[in-house]
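**Q** here you go, sequence then predicted model.
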Amino acid sequence: MSGTSDHAASGNPERYLLVLGAAAAGLWSELPQELQQSLFERAVVLGHKSEQDESLREQLAKFLHDHYARTHRA
């Protein structure tokens, strides 16, 4: 890649991560349980920034269970 393509590809990484995460969430019910668990654990680690995040695991598990079919309770 060069020139404009390089800029376009690196222009807004936060947006790319946001839409990639939304895409993964949209496919959540279709993902194998092992992959769901890996993504869940990675999200908990990435999202845990302070003492206030101690309940993130439970909150995320409830969110997934309430919004997506075939979610394994962590």
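**A** Cool, got the structure. Residues are numbered from 1 along each chain as shown.
**Q** ok, the residue nearest the centre of the chain to residue 58 distance?
**A** By Cα atoms, centre = their mean, the chain has its centre lying nearest to residue 21, at 4.5 Å. Applying Cβ to Cβ, to the nearest Å, the value for residue 21 to residue 58 is 20 Å. Where you see a C-beta, it was placed from the backbone N, CA and C, and this is true even at glycine.
**Q** same question for residue 45.
**A** Distance of residue 45 to residue 58, computed by Cβ to Cβ: 15 Å.
**Q** what do you get for residue 20?
**A** From residue 20 across to residue 58, the span is 24 Å (Cβ to Cβ).
**Q** list phi and psi for residue 54.
**A** phi -60, psi -30 (degrees, to the nearest 10).
**Q** run a quick neighbour tally on the spatially closest residue to it that is not a sequence neighbour.
**A** The spatially closest residue to residue 54, leaving aside those adjacent along the chain, is residue 48, at 7.9 Å (Cβ to Cβ, 6 or more residues apart in numbering). If you count neighbours by other Cβ atoms under 10 Å, residue 48 ends up with 13.
**Q** same question, residue 20
**A** Residues within reach of residue 20, counting by other Cβ under 10 Å, total 10.
**Q** any stretches of this protein with poor pLDDT?
**A** For the chain, the stretches with pLDDT under 70 are 1-9, 51-52, 71-74.
**Q** hmm, 80 instead?
**A** 1-10, 50-54, 69-74 (pLDDT under 80).
**Q** which residue ranges form the helices in it?
**A** Secondary structure of the chain, counting by DSSP state H: helices at 4-10, 13-26, 33-47, 56-67.
**Q** hang on, the earlier thing: separation between the residue nearest to the centre of the chain and residue 57?
**A** Using Cβ to Cβ, we find residue 21 at a distance of 17 Å from residue 57.
**Q** then residue 30?
**A** Look at residue 30 and residue 57: by Cβ to Cβ, they are 23 Å apart.
**Q** compare neighbour counts for the two and give me the winner.
**A** More neighbours surround residue 57 than the other of residue 30 and residue 57, with 17 against 11 (other Cβ under 10 Å).
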